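J.: Return a 3D structure for these sequence lines:
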Amino acid sequence: MTLAAAGERVLVVDDEADIVALVAYHLAKAGYRVSTAASGPDALAAAREERPALMVLDLMLPGLSGLEVLEQLRASPETADIAVLLLTARREEQDRIEGLSLGADDYLTKPFSPQELVLRVGAILRRLGTRTAPGDVLHFGILAIDRTHHRVLVNDAEVELTATEYKLLLTLAERRGRVQARAHLLETVWEAAPDIQTRTVDMHVQRLRTKLGEAGPLVETVRGFGYRLRTPNTKS
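T.: The predicted model follows:
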């Protein structure tokens, strides 16, 4: 088992049970956590629920074609970063071109070698070595913080933050529920001496709340102490 394989989830999507069984067996043997789907709609549902690192996606599927699934994956911030390896029995160049243009990472034509498929999966994940794993996304109700790609989403819409605002939010998020003193935030976010008297933290928190919109109230002021990020089910 390679380091790239350890713990990564791969979703195998094909309506041919024998193909699914073959692919799932070899991927599991290589150390991947494997789940399966047999239709386009099921593939999209599984992608949203399981957030796999990679999807092995057949083009000929019931419900929605593989290309339609791929297009919807790339259109949603929730699933846009899932790597995709296309499988097709059709050898026409146009299918491959369309799949790659929609954002597929690689393709294989049937019949294929299971060993080659496993190698291709590993190569894709190594190439996208900074991709998001489930633990790299912090969720707070409508707020999501993608630590790998330095992105913040509110209601699945990306919020544009400065590097300092992002670091401030991430610091609060990683210590969620715990009050962070202004002096500690100055030292951690701005790398300033903790005894510096400044309203820098307060001004940045105010701007951060404004940019977060509906999620802004998650950043709470604790009078006399500092700030904290509360989880949505925690009362003020």
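
J.: Just checking: what are the partner strands of the helix or strand containing Leu57?
T.: Assigned by DSSP states H and E, Leu57 falls within strand 54-58. Strand 54-58 pairs in its sheet with strand 9-13 (parallel), strand 83-88 (parallel), by DSSP bridges.

J.: Tell me how many other residues crowd Val179.
T.: For Val179, the count of nearby residues is 15 (other C-beta atoms under 10 Å). All C-beta spots, glycine's among them, are computed from the backbone N, C-alpha and C.

J.: I figured it was touching Arg228, is that so?
T.: Yes: if you go by C-beta atoms under 8 Å, Val179 and Arg228 touch, sitting 4.7 Å apart.

J.: anything in contact with each of the two?
T.: Val222 (C-beta atoms under 8 Å, 6 or more residues apart in numbering).

J.: what's the angle from the helix or strand bottoming out on mean pLDDT in the chain to strand 54-58?
T.: Lowest mean confidence among the helices and strands of the chain (mean pLDDT, DSSP states H and E): helix 93-101, at a mean of 79. Inter-element angle recorded for helix 93-101 and strand 54-58: 160 degrees (by axes from the mean of the first three to the mean of the last three C-alpha atoms, to 10 degrees).

J.: where along this structure do the helices fall?
T.: For the chain, the helices defined by DSSP state H cover 17-29, 40-50, 66-75, 93-101, 114-127, 163-174, 182-189, 200-212.

J.: Just put these in TSV and tack on mean neighbour count and distance to Ala83.
T.: Output for those, formatted as TSV (neighbours: other C-beta atoms under 10 Å; distance: least, C-beta to C-beta, whole Å):
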stretch	mean neighbour count	distance to Ala83
helix 17-29	16	13
helix 40-50	18	11
helix 66-75	20	10
helix 93-101	14	13
helix 114-127	17	5
helix 163-174	18	24
helix 182-189	18	32
helix 200-212	17	29
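
J.: Residue ranges of each domain in the protein, please.
T.: Split into domains by automatic domain parsing, the chain comes to 9-131, 135-229.

J.: just to revisit the earlier point, so what does the least confident helix or strand of the chain touch, helix or strand wise?
T.: Contacts defined by 3 or more C-beta pairs under 8 Å, 6 or more residues apart in numbering; DSSP states H and E place helix 93-101 against helix 66-75, strand 83-88, strand 106-109.

J.: I'd like to know which of these lies nearest to Leu54.
T.: strand 83-88 (4.1 Å; C-beta to C-beta).

J.: any residues touching the closest one, and which ones?
T.: Under C-beta under 8 Å, 6+ apart, the answer for strand 83-88 is 14, 19, 53-60, 66, 70, 73, 95-96, 99, 103-110, 112, 117, 120-121, 124-125, 128, 131.
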